[in-house]
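Asker: Provided below are the primary sequence and the corresponding predicted coordinates.
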Amino acid sequence: MGLSALSPWNLLQLFCGLVMLIAGAELLVLCAVRMAANLKVRPLLVGLTVVALGSSAPQMTVSLQAAFNDTPDIAVGSVIGSNIFNILVTLGLSALIIPLRVSRQLVRLDIPLMIIASGLVYGLALTTQFNRLAGAILLVGLLCYLGLLLRQSRHSGHHPVSHDLPRTSWLHNVLLMLIALVLLGAAGHLLLGAAVEVATELGLSERIIGLTIIAVSTSLPELATSLIAAFRGQREIAVGNVIGSNVFNLLGVLGITALLAPEPLSVSPNALDFDLPVMLGVAVLCLPVFYTGYRVTRAEGLLFLGLYLAYALHVVSFTTGMPLANKLEHLMLFYILPALLVFLLFSTLRAWRRQH
C-alpha cells in the first residue's frame, strides 16, 4: 500500500520540489551573505531576520490554509513539529557537516527569547485554544523581538565587507532574494502536497500528519538553507536561521493564524500532554549545549538526531496503538532524559568554571 501511494504525479512533485528547494536555498544563502556585506553587519543578524522569515513562509501558508479548512490539529501541530524538527534535525545534520559556531548574542539573547516564546505558547495553550487575544499577544511578542534585534544591530558596530564577494546593486540583490523566496515557497507547496496525499492514503491521523509529514515538509526550506550555509562555511547563518525561524513560527505564524482564523484554534490533549512539553524541552536543551564551548559539535549533532528519532517513533507508535509507545516513554522518562540532564549539568558547570 505504501508503494502504491507513490503515484507518478507524486514522484514528479517530489523531484521538482527537491530541485527547487536546493536552488532556492543556495540562492538565498548567497543573497544573505551579500546583504550582510552591503549592510556591514554580521551574517547572524540577516540569518535571524530575512533568511528566517523567508524560509518560514511555507509554514505560514500551511497554517493559514489549515485554519480556514477547519483542521486546527494541522495548524497548531505543524508549528510544534516544525520547531522540534528545526532544532533536532536541521541543527543536528548541519553540525555533522561542520561543527557550528554559536555567538554569544545567541546564548545571551536569542535562545533565551526562543525559550520564553515557547513557554508563552505553552502557557496560552493551557486554555485548550488559541483565540484572537492569544494571537494578538503573540504578535506583540514578535514586534518586541524584532525591536530587540534592531537595537542589537545598532550597538554591534560595523563589520568589514568581504572582498571575496562580487559587488552587486541593492536592486539586483533584492530581486535575487525574492526569486529565492518564491522558489522555496513553491518547493514547500509541492513537497507538502505530495506528502499529504501519501499520508492520507496511508490512513494517518491529522495530528500525525501535522506533527510529522507537514512539519517536516514545511521545515525543508530551513533544513536546505542551513545545510547549504554549513557547506559554504556560513555557520552563523546556519544557526541563526533555525533560531529565528522557531521564534517566527511561534510568535508570527501562530499569532497571525490565531488572529485571522474564523474560529479559535483548538489544542488537542495529546499536544498539551506530550508535544508542547517536548517542544519547550528541546528549546531549553539548546541553552546548555550552546553554552558549553559556544559551538555545536558533531557528537551533539548525533545526540539531536537520536532524540528526534526517539520522538518520532513515540508519536507514530502512540497514535497507531503499538505497545512500543509505552516502552519508549518509560525509557525516555526514566533513563535517557535523566542521564542527559546529568551530563548537560556537568558540561555546563565545567564550561562556567573554565570561562570564569
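Answerer: That came through fine.

Asker: From the contact counts, what lies against the helix or strand where Gly135 lies?
Answerer: Assessed by DSSP states H and E, Gly135 sits inside helix 132-155. Secondary-structure packing of helix 132-155 (3 or more C-beta pairs under 8 Å, 6 or more residues apart in numbering; DSSP states H and E): helix 43-46, helix 111-125, helix 235-248, helix 254-260. Placement of C-beta: from N, CA and C, glycine included.

Asker: got those helices as a markdown table, with distance to Arg295 and mean neighbour count columns?
Answerer: Output for those, formatted as a markdown table (distance: least, C-beta to C-beta, whole Å; neighbours: other C-beta atoms under 10 Å):
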| stretch | distance to Arg295 | mean neighbour count |
| --- | --- | --- |
| helix 43-46 | 14 | 26 |
| helix 111-125 | 14 | 20 |
| helix 235-248 | 9 | 29 |
| helix 254-260 | 30 | 22 |
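
Asker: how about these, which one is nearest Ile98?
Answerer: Across the helices and strands packed on helix 132-155, Ile98 has its closest neighbour in helix 235-248 (6.6 Å, C-beta to C-beta).

Asker: Mind giving me the packing neighbours of that closest one?
Answerer: Packed next to helix 235-248, using 3+ C-beta pairs under 8 Å, 6+ apart, are helix 8-39, helix 43-46, helix 52-55, strand 100-101, helix 111-125, helix 132-155, helix 215-231.

Asker: I'd like the mean pLDDT over stretch 111-123, please.
Answerer: Per-residue pLDDT over stretch 111-123 has a mean of 94.

Asker: cool, stretch 211-224 as well?
Answerer: Stretch 211-224 comes out at a mean pLDDT of 77.

Asker: Just the C-alpha atoms of it, please, in PDB.
Answerer: Extracted C-alpha coordinates of stretch 211-224, given in PDB (Å, rounded to 0.1, in the frame of the first residue of the first chain):
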ATOM      1  CA  LEU A 211       3.500  16.800  13.600                       C
ATOM      2  CA  THR A 212       5.500  14.700  11.100                       C
ATOM      3  CA  ILE A 213       4.700  14.900   7.400                       C
ATOM      4  CA  ILE A 214       3.600  18.500   7.200                       C
ATOM      5  CA  ALA A 215       6.100  19.700   9.900                       C
ATOM      6  CA  VAL A 216       9.000  18.100   8.000                       C
ATOM      7  CA  SER A 217       7.700  19.400   4.600                       C
ATOM      8  CA  THR A 218       7.400  23.000   5.800                       C
ATOM      9  CA  SER A 219      10.800  22.700   7.600                       C
ATOM     10  CA  LEU A 220      12.600  21.600   4.400                       C
ATOM     11  CA  PRO A 221      13.400  25.300   3.400                       C
ATOM     12  CA  GLU A 222      15.000  25.800   6.800                       C
ATOM     13  CA  LEU A 223      16.800  22.500   6.500                       C
ATOM     14  CA  ALA A 224      18.100  23.200   3.000                       C
END
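
Asker: got a pLDDT number for Val342?
Answerer: 78.

Asker: ok, it - how many residues close by?
Answerer: 10 (other C-beta atoms under 10 Å).

Asker: returning to that earlier point: quick one: which of the helices and strands packed on helix 235-248 is nearest Arg298?
Answerer: strand 100-101 (9.7 Å).

Asker: what pairs with the closest one, and is each one parallel or antiparallel?
Answerer: Strand 100-101 sits in its sheet next to strand 295-296 (antiparallel), going by DSSP bridges.

Asker: The nearest residue to Ile243 once chain neighbours are set aside: neighbour count?
Answerer: Among residues not flanking Ile243 along the chain, Asp110 sits closest, at 5.0 Å (C-beta to C-beta, 6 or more residues apart in numbering). Other residues within reach of Asp110, judged by other C-beta under 10 Å, total 26.
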